[in-house]
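Participant: Predicted coordinates and the sequence they were generated for:
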Amino acid sequence: MTWKLPKSVIGLSAFGSFVGGIILFKEVIGGNKYTGTESMIGKTVIITGTNTGIGRETALEMAKRRARVIMACRDLEKCKEARKEIALESRNKYIYCQECDLASQESIRNFAKKINEKEERVDVLINNAGVMRCKKSATKEGIELQLGTNHLGHFLLTNLLLDKIKASAPSRIINVSSVAHKRGKINFDDLNSEKTYDEGDAYAQSKLANILFTRELAERLEGSGVTCNALHPGIVFTDIGRHMSINNSWVAKVFLHPILWLFLKTPRQGAQTTIYLAVNEDLENVSGKYFSNKTEAGMSDAAQDREAGKSFWAVSESWMHLA
């Protein structure tokens, strides 16, 4: 007598294998998880943009490593919701929300004032928040939003916290940039996109600015015990792409998003290089570099232009009223 499995069981088994294969495929193409076991006990980590996406995953990992985590967010209510989830999952109660709108110099200065007055130390500053390919809009001070948020907001925040970070050395500053910097250029004749505006060009300019800032700051911090590095997190499926037309079409959401989900990194996968730069002990003296997939990567010629970096620093100082 031959015993046969019911067709329903065979079908379920095949479906399970198919789903398992998809999950395995996504894990493989998304890159390996950082497996270092470094503890962050006794260290304070500030992360901008932690409501969702890469920032939230980074905050969760820092919390699991027992850091004191300060979540700097524009939307305080969403921050509180994320904070509650992170605290429960990590079993770490030392997670705090602070309002910080990177599109407002006043908000940034208020945030930095609180940190400088109340926090004993800042061991890691992760400049993660950003906007991408949005319609032409401006910060509260009238600066093109992508340049103002992605670069200038973080430039101001970092400089305002720099004395505290130096006093906490060895400490680290991490700037989340993008491979998009490779097609970027700093348009000194029209930095604020007043003459012409292209959402993609403005985004690429802001990401190139992140790396020029990183390299110039690293040079200025040499010998201080503070390192500064930039990274490309990968092409990640997060809310940062909400302004793109592909995310505003129901047809794209139904038919294209499942494909994008399969091939793009998850926020957890996208956070791995940030985590690596924040905790890996071998990087204590590595500064001014650009990383991708937890490995030092090549950057564009424009990103290595020292004169442009110095000129852009001077402009940034002036626009942020630091000069």
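Facilitator: Looks like it arrived, so ask away. Not measured: the values here are computed from a predicted model. Numbers count the residues shown, from 1 in each chain.

Participant: outside of stretch 110-128, which residues touch it?
Facilitator: Under the criterion Cβ atoms under 8 Å, 6 or more residues apart in numbering, residues 40, 43-50, 54-55, 58, 62, 67, 70, 72, 98-100, 154, 157-158, 160-161, 163-165, 167-168, 171-176, 210, 274, 278 lie in contact with stretch 110-128. Just so you know, the C-beta spots here come from the backbone N, C-alpha and C atoms, and that holds for glycine as well.

Participant: What about these, which are in strands?
Facilitator: 44-48, 70, 72, 98-99, 171-176 (DSSP state E).

Participant: Pull out the buried members of the contacts of stretch 110-128.
Facilitator: When the contacts of stretch 110-128 are checked for burial by 16 or more other Cβ atoms under 10 Å, the buried set is 40, 43-50, 54-55, 58, 62, 67, 70, 72, 98, 100, 154, 157-158, 160-161, 164-165, 168, 171-176, 210, 274, 278.

Participant: before we move on, back to that, out of the ones in strands among the contacts of stretch 110-128, which is nearest to residue 284?
Facilitator: Nearest to residue 284, judged by Cβ to Cβ, of those is residue 172 at 8.5 Å.

Participant: Contact partners for residue 288?
Facilitator: Counted by Cβ under 8 Å, 6+ apart, residue 288 has contacts 214-215, 218-219, 228-229.

Participant: can you count the residues close to the closest residue to residue 155 other than its chain neighbours?
Facilitator: Once flanking residues are discounted, residue 155 sits nearest to residue 316: 4.8 Å by Cβ to Cβ, 6 or more residues apart in numbering. Residue 316 is flanked by 22 other residues according to other Cβ atoms under 10 Å.

Participant: Same question for residue 266.
Facilitator: 18.

Participant: just the one 4 residues further on next, same as before
Facilitator: The burial metric for residue 270, expressed as a neighbour count using other Cβ under 10 Å, is 26.

Participant: Ok, residue 222 next?
Facilitator: Using other Cβ under 10 Å, residue 222 has 10 neighbouring residues.

Participant: ditto for the one 10 residues further on
Facilitator: Under the neighbour criterion other Cβ under 10 Å, residue 232 is assigned a count of 22.

Participant: Over to residue 56?
Facilitator: For residue 56, using other Cβ under 10 Å, the count is 26.

Participant: contacting residues for the residue lying closest to residue 279 once chain neighbours are set aside?
Facilitator: Take residue 279 and drop its neighbours on the chain: the residue closest to it by Cβ to Cβ, 6+ apart is residue 38, 4.3 Å away. Contact analysis of residue 38 by Cβ under 8 Å, 6+ apart lists 65, 279-281.

Participant: Spit out the contact partners of residue 308.
Facilitator: Contacts of residue 308 by Cβ under 8 Å, 6+ apart are 186, 212, 302.

Participant: For it, which phi and psi angles does the backbone take?
Facilitator: phi -60, psi -40 (degrees, to the nearest 10).

Participant: measure it to residue 289 for me?
Facilitator: 18 Å (Cβ to Cβ, to the nearest Å).

Participant: Would you confirm that residue 172 contacts residue 224?
Facilitator: No - in this structure, residue 172 is not within contact of residue 224 by Cβ atoms under 8 Å, at 11.6 Å.

Participant: if I look at the spatially most central residue of the chain, how far off is residue 320?
Facilitator: In the chain, the residue lying closest to the centroid (Cα atoms, centre = their mean) is residue 128, at 2.7 Å. Shown here: residue 128 relative to residue 320, a distance of 19 Å by Cβ to Cβ.

Participant: Over to residue 175?
Facilitator: Between residue 175 and residue 320 the distance is 16 Å, computed by Cβ to Cβ.

Participant: again, but for residue 198
Facilitator: 24 Å.

Participant: Out of the two, name the residue with the larger neighbour count.
Facilitator: Legend: neighbour count by other Cβ under 10 Å for residue 198 and residue 320, higher for residue 320 (21 against 12).
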